[in-house]
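Student: I'll drop the sequence and a predicted model, then ask my questions.
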Amino acid sequence: MTLPERQLANAIRALAMDAVQAANSGHPGMPMGMADVATVLYSDYLKFDPADPKWVDRDRFVLSAGHGSMLAYATLHLAGYARPTIDDIRNFRQLHSPCAGHPENFELEGVETTTGPLGQGLATAVGMAIAERHLNAIYGDDLVDHRTWVVAGDGCLMEGINHEAIGLAGHLQLGRMIVLWDDNKITIDGSTDLSTSEDIAARYAATGWHVESCDGHDPADIRRAIEAALADPRPSLIACRTIIGFGAPNKQGTSATHGAPLGAEEIAAARNELGWTAEPFDIPADVASAWAGFGEKGKALHAEWNDRLASSEKRKEFSARLSGNVVPGDAFKAYLDGLVAEPPKVATRKASENTLSALTADIAALVGGSADLTGSNNTKTSSTKPLTKDDYSGRYIYYGIREFGMAAAMNGMALHGGVVPYGGTFLVFADYCRAAIRLSALQQQRIVYVMTHDSIGLGEDGPTHQPIEHLQSLRAMPNLLVMRPADAVETAECWALALAQQDRPSLLALTRQNLRPLRHDVTENLCAKGGYRLRAASAARKVVLVATGSEVSLAMDIADKLEAAGHGADVVSMVSTELFDEQDAAYQANILPSDVLTVSIEAGTTFGWERYTGRDGLRFGIDSFGASAPIDDLYAHFGLTVDAITPQILAKLGH
């Protein structure tokens with residue numbers, strides 16, 4: 001007997017009500033409202049194999065409205081995924097349960113991306129859709145032919161990143177992306193009339209999207225809208241008019257169902273309203289069987305795909321590409337040898353471009369871009385032709401002035417697999433990207449942020465563009481590898497390290513101004529230690545100068561002055577405090593001994609450097625905003641010169 005679809009959807013509603021009530025915390029309204037849409041999606045459209053959540057050619061499903069996480073947990077459980085189990089769902093929002101308050105990709109394999117900060121899920125999905133089209137252009141429909149589905153709420157569409165994301169998706173005509181908008185007209189504060197009156201459908205249409213609407217509680221109308229979206233070559237928005245908390249007779253359609261348990265009395269009334277007689281966390285056998293059948297279709301499609309892969313001439317290349325293993329090759333080695341033969345005096349942004357020229361020749365998976373600063377970030381190479389709506393095989397994306405959207409899209413590309421994304425902007429605009437960088441780190445994704453113009457060294461553009469607090473604030477972010485190289489060799493080493501990271505993003509802070517060569521050997525990647533002794537004291541060591549990036553050259557010159565005065569001085573290039581902190585205690589003590597004066601030099605805030613200098617050390621930097629002037633005038637004004645710093649060190653030594 002075929003069960004009514006409403007009964008299958010009610011299984012989602014029941015699990016959502018019960019889990020939120022048991023946790024005494026959560027958001028039951030959205031899962032209850034979108035249950036009918038999710039049931040139609042899983043039954044007829046979503047391509048997935050619950051036995052292999054990482055099947056490369058599965059459809060990607062992104063719950064951008066992450067507060068409604070029980071929609072994801074309920075559907076994954078009902079569709080036959082190994083996790084979450086019903087006990088996992090019973091422990092919703094509890095310590096060590098994979099059913100966290102918001103979906104986390106590292107907790108459950110069926111969760112494609114960590115969502116919760118509204119808007120980022122949809123923006124991340126844009127990156128997934130880009131990766132799908134890119135790989136399809138290279139490997140064809142037989143190996144790559146899937147869609148990206150997004151469930152988004154009013155908040156996702158209000159957030160500023162939505163503007164960036166849909167503009168990019170529309171421009172690239174990502175027709176394999178379909179957004180199901182939970183159009184329930186309710187936010188936490190109440191009716192959306194309180195805060196917005198825009199025509200969302202018109203906004204999407206204006207950016208090149210196809211727009212449909214449907215009754216989100218009528219399966220036939222939902223199917224009609226989805227079929228129309230599938231038939232259109234543009235990305236699609238489907239406005240699913242729903243009732244938040246559908247089935248809760250006294251609270252549905254109100255903000256009372258949004259972010260709080262319904263309460264025992266209302267749940268009992270909802271069970272009666274929905275005709276759901278099963279006990280909490282109990283799914284009737286016929287309902288469970290019907291849901292399990294949805295996954296069987298995907299298993300058959302997966303088996304057919306496996307056969308195509310096995311017979312494909314591109315099987316070996318495709319499997320290697322999707323493995324995620326990227327290793328610099330001959331072009332990179334030749335470039336390193338050239339740095340030793342002819343050490344260049346270049347800005348580290350230019351050194352990065354030169355490194356990328358070798359790496360992009362070696363590694364086809366590298367897909368780059370810039371937020372309208374290609375000529376300044378130096379992120380494009382001869383190997384990376386543009387990725388466009390007419391040619392998705394390209395490897396360079398012109399993101400436009402969309403820093404946040406770029407960062408979120410790179411998260412999506414990395415999560416999709418088969419692509420190692422990198423993208424550029426000015427370091428000061430890391431503030432625009434920050435929420436997405438944080439999700440890169442939280443999700444343990446390999447993404448390379450190329451952040452140039454990293455200090456007052458950028459000169460005349462002034463304090464709006466000169467980073468001060470940025471390096472230290474980014475270093476404070478867990479699982480983000482921040483690297484600030486001092487010359488071309490260090491820049492190349494930092495790129496090699498960034499690509500070697502399998503479980504964290506990297507951020508390269510690069511100069512606008514030219515820097516003289518300091519390293520003349522490449523036999524060992526010294527930057528892998530985070531901080532290393534670039535120069536050892538000649539006289540008896542009295543001082544250790546710890547510097548980063550452009551200030552390492554300054555430290556070398558100060559060391560000359562100190563040595564001339566009879567005070568031995570080491571110079572430590574602190575490329576990455578994260579990597580240095582990961583070294584063993586003996587190594588750290590050798591590089592930063594406790595019996596000498598330790599001095600830090602960085603053209604940014606001095607905040608945090610006391611970790612290495614101690615309270616009795618000296619810290620040279622900038623604890624105010626910058627200024628507009630030529631570079632040499634700025635360094636003199638802020639006291640970052642040999643003549644300004646050396647006397648203070650000598651005074652501290654009692655000279």
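Tutor: Yes, it's here.
Student: how many neighbours does I12 have?
Tutor: A count of nearby residues for I12, using other Cβ atoms under 10 Å, gives 25. C-betas here are computed from N, CA, C, even on glycine.
Student: Who are the contact partners of it?
Tutor: P31, M32, A35, A38, T39, M70, L71, A74, T75, L78 (Cβ atoms under 8 Å, 6 or more residues apart in numbering).
Student: how deep is the fifth one tucked in, by neighbour count?
Tutor: Burial of T39, expressed as a neighbour count using other Cβ under 10 Å, amounts to 25.
Student: do you know how far it is from L46?
Tutor: T39 is 11 Å from L46, where distance means Cβ to Cβ, to the nearest Å.
Student: Tell me where the model's unsure across this structure.
Tutor: Low-confidence segments of the chain (pLDDT under 70): 1.
Student: hang on, isn't T464 packed against V428?
Tutor: Yes - under the criterion of Cβ atoms under 8 Å, T464 makes contact with V428 at 7.4 Å.
Student: neighbour-wise, which of the two wins?
Tutor: Each of T464 and V428 has its neighbours counted (other Cβ under 10 Å); V428 has more, 22 against 9.
Student: Give me the nearest residue to the more buried one, chain neighbours excluded.
Tutor: Spatial nearest neighbour of V428, chain neighbours left out: P467 (4.8 Å); criterion: Cβ to Cβ, 6 or more residues apart in numbering.
Student: now swap in E212 and tell me
Tutor: If the residues on either side of it in the chain are set aside, E212 comes closest to A225, at 4.2 Å by Cβ to Cβ, 6+ apart.
Student: where's that neighbour, which helix or strand?
Tutor: Here A225 sits within helix 219-231, counting by DSSP states H and E.
Student: So what touches the helix or strand following that helix?
Tutor: As assigned by DSSP H and E, the chain's next helix or strand after helix 219-231 is strand 236-241. Here strand 236-241 makes contact (Cβ under 8 Å, 6+ apart) with 34, 37, 175, 177-184, 200-201, 204, 209-216, 222, 225-226, 228-229.
Student: Figure out how far strand 236-241 is from the centre of its chain.
Tutor: From the chain centre to the centre of strand 236-241 is a distance of 26 Å (Cα atoms, centre = their mean, to the nearest Å).
Student: Report the central residue of the protein.
Tutor: Centroid-nearest residue in the chain: S440, 3.0 Å away (criterion: Cα atoms, centre = their mean).
Student: where does that residue land in three-state SS?
Tutor: Under DSSP: H, G, I helix; E, B strand; the rest coil, S440 falls in the helix class.
Student: wait, it sits on G412?
Tutor: No - using Cβ under 8 Å, S440 is not in contact with G412, being 10.7 Å away.
Student: The stretch 251-400 of the chain: helices as residue ranges?
Tutor: Ranges of helices in the stretch 251-400 of the chain, per DSSP state H, counting those that start in this stretch, are 264-274, 285-311, 315-323, 330-341, 348-362, 374-377.
Student: joint contacts of T39 and L46?
Tutor: With the criterion set as Cβ under 8 Å, 6+ apart, the contacts of T39 and L46 do not overlap.
Student: before we move on, the earlier item: what's near enough to touch the residue nearest to V428?
Tutor: Shown in contact with P467 (Cβ under 8 Å, 6+ apart): F426, L427, V428, A430, H453, D454, S455, A509, G604.
Student: so how far is Y204 from it?
Tutor: From P467 to Y204 the distance is 35 Å (Cβ to Cβ).
Student: Equivalent analysis for S473, please.
Tutor: In terms of Cβ to Cβ, S473 sits 34 Å off from Y204.
Student: coming back round to it: in the helix holding A225, what's buried?
Tutor: Using 16 or more other Cβ atoms under 10 Å as the test for burial, helix 219-231 gives P219, D221, I222, R223, A225, I226, A229.
Student: how about the fifth one, what does it touch?
Tutor: Neighbour list for A225: E212, S213, C214, I238, C240 [criterion: Cβ under 8 Å, 6+ apart].
Student: got it, and the second one?
Tutor: With contacts defined as Cβ under 8 Å, 6+ apart, the neighbours of D221 are C214, D215.
Student: hey, where'd the strands end up in the stretch 451-600 of the chain?
Tutor: Using DSSP state E, counting those that start in this stretch, the strands of the stretch 451-600 of the chain run over 481-483, 506-509, 514-515, 531-535, 541-547, 568-574, 597-601.
Student: one step back: would you mind checking the contacts of I12 for buried ones?
Tutor: P31, M32, A35, A38, T39, M70, L71, A74, T75, L78.
Student: Which of those sits closest to I244?
Tutor: Comparing these against I244 with Cβ to Cβ places M32 closest, at 7.3 Å.
Student: residues near V543, how many?
Tutor: So V543, with other Cβ under 10 Å, has 24 neighbours.
Student: how far away is the closest residue to it other than its chain neighbours from P343?
Tutor: Residue nearest to V543 in three dimensions, not counting chain neighbours: A569, with 4.4 Å by Cβ to Cβ, 6+ apart. Counting by Cβ to Cβ, the gap from A569 to P343 is 23 Å.
Student: These two: which has the busier surroundings?
Tutor: Legend: neighbour count by other Cβ under 10 Å for A569 and P343, higher for A569 (27 against 16).
Student: Please report the distance of the more buried one from H465.
Tutor: In this view, A569 and H465 are 33 Å apart by Cβ to Cβ.
Student: cool, and T613?
Tutor: Distance, T613 to H465, using Cβ to Cβ: 28 Å.
Student: now do T196
Tutor: 33 Å.
Student: Who has more neighbours out of the two?
Tutor: Higher neighbour count among T196 and H465: H465, with 18 against 13, using other Cβ under 10 Å.
Student: Grab the nearest non-local neighbour of the more buried one.
Tutor: In space, H465 comes closest to V428 once its chain neighbours are excluded; the distance is 5.4 Å by Cβ to Cβ, 6+ apart.
Student: Quick one: neighbours of E304, just the number.
Tutor: E304 has 11 neighbouring residues, counting by other Cβ under 10 Å.
Student: Next, the distance between the ends of stretch 467-477.
Tutor: Counting by Cα to Cα, to the nearest Å, you get 17 Å between the two ends of stretch 467-477.
Student: thinking again about what came up before, looking at S473 and Y204 now, which is surrounded by more residues?
Tutor: Neighbour totals were compared for S473 and Y204, and Y204 leads with 24 against 18 (other Cβ under 10 Å).
Student: And the closest residue to W495 other than its chain neighbours, how close does it get to T374?
Tutor: In this structure, W495 finds its nearest non-sequential neighbour in T355, 4.8 Å apart by Cβ to Cβ, 6+ apart. Applying Cβ to Cβ, the value for T355 to T374 is 16 Å.
Student: likewise E296?
Tutor: With Cβ to Cβ as the criterion, E296 and T374 are 48 Å apart.
Student: What of S393?
Tutor: Taking Cβ to Cβ as the measure, S393 falls 19 Å from T374.
Student: Neighbour count for those two, which is higher?
Tutor: Ranked by neighbour count (other Cβ under 10 Å), S393 and T374 place T374 first, with 16 against 13.
Student: ok, back up a step: quick one: which of the contacts of I12 sit in helices?
Tutor: The helices, defined by DSSP state H, take in P31, M32, A35, A38, T39, M70, L71, A74, T75, L78 from the contacts of I12.
Student: Turn the residues you listed into TSV, columns for distance to A16.
Tutor: Listed next are these as TSV, based on distance: Cβ to Cβ, whole Å:
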residue	distance to A16
P31	4
M32	6
A35	8
A38	11
T39	13
M70	4
L71	7
A74	6
T75	10
L78	12
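Student: Looking at those residues, which is nearest G626?
Tutor: Nearest member of these to G626, counting by Cβ to Cβ, is L71, at 47.1 Å.
Student: list the contacts for the residue lying closest to that closest one once chain neighbours are set aside?
Tutor: Once flanking residues are discounted, L71 sits nearest to P31: 3.9 Å by Cβ to Cβ, 6+ apart. Taking Cβ under 8 Å, 6+ apart as the contact definition, P31 lies against I12, R13, L15, A16, G68, M70, L71, A74.
Student: Now tabulate these in CSV and tack on distance to L118.
Tutor: Listed next are the contacts of P31 as CSV, based on distance: Cβ to Cβ, whole Å:
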residue, distance to L118
I12, 21
R13, 23
L15, 23
A16, 19
G68, 11
M70, 17
L71, 15
A74, 20
